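> sharing a sequence plus its predicted fold:
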Amino acid sequence: MRSGFPLLAAQAGLHYLDSAATAQIHRDALDAVLRHETGSRANVMRGTYALADAADRAYESARGAAARFLNVAAEEIVFTSGATAALNLVAHSFGAGLQAGDRVLVSQAEHHSNFVPWLMLRERKGIALDVLPVRPDGQLDLGRLPQLLREETRLVALTQCSNVTGAITDVAAVVDAARRVGARVVLDGAQAVQHGPQDLRALGVDFYAFSGHKCFGPGGVGVLWGRAELLCTLPPFCGGGGMVGEVNLDGFSWAEAPRRFEAGTPPIAQAVGLAAALDWMMSLDWPRLRERETALCARLLDGLREIPGLRVLGSMAAEGRAPIVSFEIAGLHPHDICQVLDAHGLALRGGHHCAQPLLAALGVEACTRASLALYNDESDVAALLDGLRHAAKALR
Amino acid sequence: MRSGFPLLAAQAGLHYLDSAATAQIHRDALDAVLRHETGSRANVMRGTYALADAADRAYESARGAAARFLNVAAEEIVFTSGATAALNLVAHSFGAGLQAGDRVLVSQAEHHSNFVPWLMLRERKGIALDVLPVRPDGQLDLGRLPQLLREETRLVALTQCSNVTGAITDVAAVVDAARRVGARVVLDGAQAVQHGPQDLRALGVDFYAFSGHKCFGPGGVGVLWGRAELLCTLPPFCGGGGMVGEVNLDGFSWAEAPRRFEAGTPPIAQAVGLAAALDWMMSLDWPRLRERETALCARLLDGLREIPGLRVLGSMAAEGRAPIVSFEIAGLHPHDICQVLDAHGLALRGGHHCAQPLLAALGVEACTRASLALYNDESDVAALLDGLRHAAKALR
Amino acid sequence: MSAGAELYQQAIKDWAGADHGHGRLDPADAAARTDNPLCGDRVQVTLRLDAGRITAFAQETRGCLLCRAAASLLAQRAPGMDAAAAAAASTALEELLAEGRDPPPAWQDLAMFAPARSYRSRHKCALLPFRALRQALEGVSHREQ
Amino acid sequence: MSAGAELYQQAIKDWAGADHGHGRLDPADAAARTDNPLCGDRVQVTLRLDAGRITAFAQETRGCLLCRAAASLLAQRAPGMDAAAAAAASTALEELLAEGRDPPPAWQDLAMFAPARSYRSRHKCALLPFRALRQALEGVSHREQ
Ligand SMILES: Cc1ncc(COP(=O)(O)O)c(C=O)c1O
Ligand SMILES: Cc1ncc(COP(=O)(O)O)c(C=O)c1O
């Protein structure tokens, strides 16, 4: 598995445990980018020459791959520069229809990218923002939903998977509750996609966002999925080439979705690279891989239990979670821990992981995070446990 | 020169004359992307491990390269996903401070990416939009500036170089006039950067936008430059990771510029690739290259004069312009022309080139565009002139 | 002749040049306009109808040879057609372009568009008048997809 | 000991552990807070001054060992310093981290931060208390860059 990832193949001693921040790129994705840039590079706004046609085809077929990965229609796929851009798009395009009195429900477990856009929408539009709390085990307190979802709630913005605790949201329950008050649901899939293809039709949400760099693809590209019937009514977010029909001094008309939401030259080679990563992912045996990830996560959690003063944030169960484990060690600062781990070839991140509201709820300022992906194995976990014992010694 | 561009090197028979849409990528840029993805890939939000540090360094040094290319300070460089995103950023962040009664001046020569964002701002904010007309020769009618610039004018948004006629704006005159009423100037440099490094301090503008894919770099990345004293006062545009100080349920504080404007994971490898392209460009002898471009453009214009029924949009002079030449041929549709040209290995684009207001002013619906870059030579021009003669025959 | 130029068979140039049915019916029983927002091409179709069948057809087309040839051809064939027939003709052209399928006997002239098959970006050009006709007949008048 | 761990010399741990000057002066003549927004680290400095010279210094620091060691060291050295001296000390640390330049004799203790030189992302940790001091003395209280 590791050999498919050029960086990991080249750095044999590296224990990369920061895939929740950025996953390493798969060879297929890199090759696709290269192939595109050296064989099919042109802009995609319907040039009629052969190269432009090739670029168009490649870009539109990337849309198709993203659609297959999510089990949706290609016309529902909007390419963006990343998950953050996708979520901001929803906050602006869907948010444009909201007004004072309307409410948006977010959770306290959100990454800043699915939290700050709603704070900003509140400032812009005077809407009210409700916050679904997290329980001490890191799970969303879904029991509060009936009370927090009101008639005025127009949108629920939640993460599918926490980038700190690995907690997975019970999406069906949320969708069910949201439907009851007629609210739409935007799901932040940034942390979920790296653990396998998604079935959005089954999940039942209305919008979905993810980034290429977190699922073994290139950076600079992401996806917003939206239900066709929603996309075709929403106003555009950014203005520019490609998203218009007619433009004159008096105004402009909108192109059809999804191009209405893709102002300017899109990240073409990056979309093509992302498609290659998604195609590769779709070729894998996910039930088996998930089992493996769970087993590895169990081993990690077991090992962490043995480390004096260590507290895992959120659940200690290896099942029903993503293999993302954050922890604090009494008296040791995450920066210092990560520094010592780095000296042992371990790449982990310490800090607030762009989830300050969640960390506040869990009572910490910063924590150390280990996130596992399909290229990690037992040697990575063993090295981490070893490294933590070293760190405790070196730092006290 | 051609050998430095993998796609052109591989396709010997290709006469690529669509660099105004997308320039081909330089080998150095592609290599830099590859090297980064296989050697330094990590997220850039201050991970403390060695790989994250390498990624941080690479990204920040890309900022430095962009700053050198524009003769500005690195802290003034905001990486975006492209010129369109950069211009929308200005329309939102600067536009947030505008209100009904304020005015923005744009020109009729703008690309949709520097036109539609201002139409949208007008809708959002109720500002007034004034339009600087173009003369029949394609030049902005700067004589109208004193009349169009009013005390209420807060911003002037102009292109440095038309993507249709190649006309170059007399920026000094615009800045001068704008200063007199206290208006800021945002310059759309999308078409200028592929013809050499820029000296923004000398130009005297306040904001500048360009895209990587138009200056031999990767797609999916662009630059917004803004004066430090402006950037440090402007509110953010998109919300997400990296652009905040503190976040809690009540609100959030802003990170310093430029990170305040870079929500989410930026296009890291793309910025690194762009920096390599810019470094390469900065190593070239631009006075000589410009002479060459001008000579080639002169040859093209001379040849076009000979073609019956052909009318060039804008100026017929080869001097003082970018080597972008658009034309119509009586009775022939640009799509048909481009189709026949394609059969002769000529990559040209026909259509409105995302500049409908300009084409309306010039009295055409669509035109055929030839744009020359530093890798073009006389054989390209000769092939084009030949191809046009063939097209006239084939299509009549 | 090289590829690409082969697209412009004499038949296409002839149909485009003939510009059958050029103009605008006023009054009309049905009308539709389709645009290609990416190049500004536009087809305006006006119809007179009797019990759902076309009795008069006019087109105003701004576009390339493929688009104009298609509009002109349509003008010759439209009288007598109903919505189903228009849909069938449109489908025949779509299938020709997408899959290379031979057009039905009544629409043999469509074969002149066969060389466009390999130029995907041009399919829309030929289809634009057909879409306008369908829209007019369906009584909808929304922008071309 | 392997690289990285070498950063944590006993001196750093000792200074951090000592936590000199811990607390907050109230009333104070000057105060400043610096944050590292990327990890939530924070230094709060309060001062009493006499004719521009520090007569009392207190720090409340939430941060890593480097940050806490720097704050603690500063607490020991601050009394008697004026704005120029604080700027000089801060510059000495910056130059040590950026260029490896030896600190001046009065600030020999800064040498304990030398191994941090190759960890650019950690420079800010050690500098945070120094920046807070400078800001307090400059009477400005804006967010750390
Ligand atoms: C003058 C001008 N401005 C802006 C743009 C938009 O650039 P991009 O599509 O890379 O965002 C372009 C190119 O398409 C252009 O030619
Ligand atoms: C849960 C979650 N949402 C959103 C994001 C934002 O993704 P990006 O930075 O790629 O835009 C991230 C990752 O940083 C994340 O973990």
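Received the coordinates, thanks. Ligands and ions are numbered 1, 2, ... in the order given.

> near chain B, which residues of the stretch 151-300 of chain A are found?
A:211, A:213, A:218-221, A:236, A:238-244, A:246-249, A:251-252, A:263-270 (Cβ under 8 Å from any Cβ of the partner chain). C-betas here are computed from N, CA, C, even on glycine.

> report the buried members of those residues.
A:211, A:213, A:218-221, A:236, A:238-244, A:246-247, A:249, A:252, A:263-270 (16 or more other Cβ atoms under 10 Å in any protein chain shown).

> so which of those are in strands?
A:211, A:244, A:246-247, A:252 (DSSP state E).

> so which residues of the stretch 51-200 of chain A form helices?
For the stretch 51-200 of chain A, the helices defined by DSSP state H, counting those that start in this stretch cover A:83-93, A:116-125, A:145-148, A:171-180, A:200-203.

> what is the mean pLDDT for the second one?
Computed over helix A:116-125, the mean pLDDT rounds to 97.

> circling back to that earlier point, dump the ones in strands among the buried ones among the residues of the stretch 151-300 of chain A next to chain B to JSON lines, plus pLDDT and distance to ligand 1.
Formatted as JSON lines, those follow (pLDDT from 0 to 100; distance: Cβ to the nearest ligand atom, whole Å):
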{"residue": "A:211", "pLDDT": "98", "distance to ligand 1": "20"}
{"residue": "A:244", "pLDDT": "93", "distance to ligand 1": "13"}
{"residue": "A:246", "pLDDT": "91", "distance to ligand 1": "18"}
{"residue": "A:247", "pLDDT": "94", "distance to ligand 1": "13"}
{"residue": "A:252", "pLDDT": "96", "distance to ligand 1": "15"}
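
> ramachandran angles for the residue of the stretch 1-150 of chain A found nearest chain C?
The nearest approach of the stretch 1-150 of chain A to chain C comes at residue A:46, 4.4 Å away (Cβ to the nearest Cβ). In terms of degrees, to the nearest 10, the main-chain angles of residue A:46 are phi 60, psi 50.

> and for residue A:13?
Per degrees, to the nearest 10, the backbone of residue A:13 is at phi -80, psi 0.

> what's the closest non-adjacent residue to it?
Counting by Cβ to Cβ, 6 or more residues apart in numbering or on different chains, residue A:13 lies nearest to residue A:345, which is 4.7 Å off, once chain neighbours are set aside.

> from memory that neighbour sits against residue A:383, does it?
Yes: between residue A:345 and residue A:383 there is a contact at 6.9 Å, judged by Cβ atoms under 8 Å.

> any shared contact partners between these two?
The contact sets of residue A:345 and residue A:383 overlap at residue A:15 (Cβ atoms under 8 Å, 6 or more residues apart in numbering or on different chains).

> one step back: now distance to residue A:130 too, for the ones in strands among the buried ones among the residues of the stretch 151-300 of chain A next to chain B, in TSV please.
Output for these, formatted as TSV (distance: Cβ to Cβ, whole Å):
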residue	distance to residue A:130
A:211	26
A:244	36
A:246	41
A:247	39
A:252	35
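
> please identify which pair of these lies farthest apart.
A:211 and A:246 (33.3 Å; Cβ to Cβ).

> residue 96: how many residues sit nearby?
Here I'm looking at chain A. 17 (other Cβ atoms under 10 Å in any protein chain shown).

> my question was about chain C
By the measure other Cβ under 10 Å, the count of residues near residue C:96 is 22.

> helices or strands up against the host helix or strand of it?
Assigned by DSSP states H and E, residue C:96 belongs to helix C:83-99. Packing partners of helix C:83-99 (3 or more Cβ pairs under 8 Å, 6 or more residues apart in numbering or on different chains; DSSP states H and E): helix C:65-77, helix C:120-137.
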